[in-house]
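In: quick one: sequence plus predicted model below, questions after.
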Amino acid sequence: MRVAALAIAFLASVAAAGCASLPRPSPPEVVGARVRVADARLPEVRLAVDLVVRNPNARDLAVDGLEATLALDGEVVGRGALAQPVLLPAHGDARIPLDVRGDASRLLARVGAALGAARPLGYEVRGTVALRDGSVVPFRRDGRLPEARTP
């Protein structure tokens, strides 16, 4: 009985050492974002935010959670979260859709200011990605929404 217990303890320590030596994966990177109005029912607006997330690793990564805020010209106009887990393919990209809900008055104020100044509207999507292995990775993606064109 004592030999069996020692054998089990030895195997458990070998397994734990093997797991500890596995390298932590490189964090995924948000390489693209698309923002569009999905629905506006005052006082709330619903925005569809599509993130393109790249996995630089040689193995698939499971994303269990993602939380994000959307800011327009520096003001937070909405928040969203991942609806269901996503698998990022090894050395590949995946589209992650987010349903972002926010205050329509804040959104309209930012859009109106940009249109009034005839300039593009700056956006920033910022948040965290929670991987199945328990690690949490921050991300940030910014850009400009195109200027309004006159006919």
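Out: Great, that's in hand.

In: for the protein, which segments are assigned as helices?
Out: 2-20, 104-116 (DSSP state H).

In: weakest of these by average pLDDT?
Out: Least confident of the helices of the chain, judged by mean pLDDT, is helix 2-20 with a mean of 49.

In: give me the pLDDT for the nearest residue to Gly80 once chain neighbours are set aside.
Out: Nearest residue to Gly80, sequence neighbours excluded (C-beta to C-beta, 6 or more residues apart in numbering): Val100, at 3.6 Å. In short, each C-beta sits where N, CA and C put it, glycine included. Note for Val100: predicted pLDDT of 92.

In: check Arg36 too.
Out: The per-residue pLDDT of Arg36 was computed as 86.

In: list the contacts of it.
Out: By C-beta atoms under 8 Å, 6 or more residues apart in numbering, Arg36 lies in contact with Leu47, Ala48.

In: who does it form a beta bridge with?
Out: Applying DSSP bridges to Arg36 yields these beta-bridge partners: Ala48.

In: go on, Ile96?
Out: Counting by DSSP bridges, the residues bridging with Ile96 are Leu51.

In: ok, Leu70 next?
Out: What pairs with Leu70, by the bridge criterion (DSSP bridges), is Gly78, Val125.

In: that one against Gly80, yeah?
Out: Yes. The criterion here is C-beta atoms under 8 Å, and Leu70 meets it with Gly80 at 7.2 Å.

In: got any residues that touch both of the two?
Out: What both Leu70 and Gly80 touch, as defined by C-beta under 8 Å, 6+ apart, is the set Leu47, Val49, Val100.

In: which of those count as buried?
Out: Leu47, Val49, Val100 (16 or more other C-beta atoms under 10 Å).

In: with that, I have no additional questions.
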